[in-house]
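**Q** give me the fold of what follows.
(2 chains)
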Amino acid sequence: MPLLGGITILLLCQLAGEVCARLLGLPVPGPVLGMVLLLGLLIWRKGPPAGLRSASDGLLRHLALLYVPAGVGLMAHFGLIGRDWIPILGGLIASTVLALAVTAVVLGRLNRRGE
Amino acid sequence: MSKVAPVEIEFAGIWVYLAASPLLGLTLTLVAFQLSIWLNRLLGGTALAHPVMLSMAMLIALLLLTDTSYQSYFEGAQFIHFLLGPATVALAVPLYDNLERVKRMLLPLLIACISGAVTAAASAVLVAKLLGAEPATLASIAPKSVTTPIAMGVSEVLGGIPALTASMVLVTGTIGCVVAPWLFRRLRVRDESVQGFALGLAAHGFGTAQAFGISAVAGAFAGLGLGLTGVVTAFLLPLFMRLFLS
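**A** You can find the predicted model right below:
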């Protein structure tokens, strides 16, 4: 069962990341440290085994679905959002457009200069 | 009417029984999501009717109509929610596949990441403050560009409301997916790695999911943008907010 092995590797990395974050008191979430750890392993091993590839492809292809349960939690905060919805929506739209534009322009410029 | 009543009672009984088991929340989420994908395609694939937003609307309406609590829904939906962790770890694979490109662009990527992350947090807080938001809202909106688990942690450190931050993160993701194609055309951004990185930075997992739709390269850079921004924000934002709010 190569797929089972792949899922096990992902969970082991996440677990190691959680333990590191707790032990070292880092403000970074465990899964992010787990990602860094797995990247290190892949570099050391020179590539992922087949099972890990199919497990991660499967998860990443359905990434959007994984946000639904947290999103439904919105229903618990209707009152709060109702009071401040204009600043919230204004802030979110302005900052998202600006962040996209600044990142794309900065990275595009720096890339062109490097070539 | 008297003939219908027993059936109604029976159905209500079945619903109460099912609502208490994880099966219902899990199944409803999968059905709603696939229905939303089908509906989104029917509407021409517009990001305005993002499958995640459609699913959320359907599920919230259903839970409110049936008077089911979010807690009992989450009993089942947590199995899907849990997969966010391993999915974040899994981003290492596309990242490894594009390691050579990432190495070549490392310094530009870091500079772009810091300027993008600072822009996202600062402009969100500034605009919200100008429009008269409460302090708790300001602390909740600051980390809204990063992926949910990181954003909720940072929000708590800042004195915000983690659950409110989680909702803002989702709305941010949707806004990002809606405006990105138009914005990239206006700014003439054609490089897929640049598009992906900006999407992952500004619109976290939603943007990353959209970037994987552009190409695997865009997806890998989106994953890098998401991870890097998460780490930078988690370390820098608490310092930055202390300066800004004092």
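
**Q** show me what the helix or strand B:Pro94 falls within is packed up against.
**A** Assessed by DSSP states H and E, B:Pro94 sits inside helix B:92-97. Packed against helix B:92-97, as judged by 3 or more CB pairs under 8 Å, 6 or more residues apart in numbering or on different chains; DSSP states H and E, are the following elements: helix A:30-45, helix A:50-61, helix B:216-245. (Each C-beta comes from the backbone N, C-alpha and C, glycine too.)

**Q** as JSON lines, these with distance to A:Ala76 and mean neighbour count would be great.
**A** Conversion of the helices and strands packed on helix B:92-97 to JSON lines gives the following (distance: least, CB to CB, whole Å; neighbours: other CB atoms under 10 Å in any protein chain shown):
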{"stretch": "helix A:30-45", "distance to A:Ala76": "24", "mean neighbour count": "20"}
{"stretch": "helix A:50-61", "distance to A:Ala76": "27", "mean neighbour count": "19"}
{"stretch": "helix B:216-245", "distance to A:Ala76": "24", "mean neighbour count": "22"}
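
**Q** can you put those in a markdown table and add distance to B:Val189?
**A** What follows is these, written out as a markdown table (distance: least, CB to CB, whole Å):
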| stretch | distance to B:Val189 |
| --- | --- |
| helix A:30-45 | 26 |
| helix A:50-61 | 23 |
| helix B:216-245 | 11 |
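
**Q** would you list the ones you listed in CSV and tack on mean pLDDT?
**A** Formatted as CSV, these follow (pLDDT from 0 to 100):
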stretch, mean pLDDT
helix A:30-45, 89
helix A:50-61, 89
helix B:216-245, 80
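
**Q** before we move on, the earlier item: next one: the helix holding B:Pro94 to chain centre, how far?
**A** Averaging C-alpha positions (CA atoms, centre = their mean, to the nearest Å) puts helix B:92-97 21 Å from its chain's average.

**Q** next structured bit after that helix?
**A** Later in the chain than helix B:92-97, the nearest helix or strand by DSSP H and E is helix B:99-104.

**Q** how big is the angle separating whichever helix or strand comes after that following helix from helix B:216-245?
**A** Proceeding N to C from helix B:99-104, the next assigned helix or strand is helix B:106-130, under DSSP H and E. Here helix B:106-130 runs at an angle of 50 degrees relative to helix B:216-245 (axes from the mean of the first three to the mean of the last three CA atoms, to 10 degrees).

**Q** show the contacting residues for B:Ala128.
**A** A:87-88, A:90-91, B:137-138, B:141 (CB atoms under 8 Å, 6 or more residues apart in numbering or on different chains).

**Q** just the residues you listed: which are in helices?
**A** When the contacts of B:Ala128 are checked against helices (DSSP state H), the matches are A:87-88, A:90-91, B:137-138, B:141.

**Q** biggest separation within these, which pair?
**A** Of all pairs drawn from the ones in helices among the contacts of B:Ala128, the one with the largest separation by CB to CB is A:Gly90 and B:Leu138; the distance is 12.6 Å.

**Q** that's all I had, so thanks and see you.
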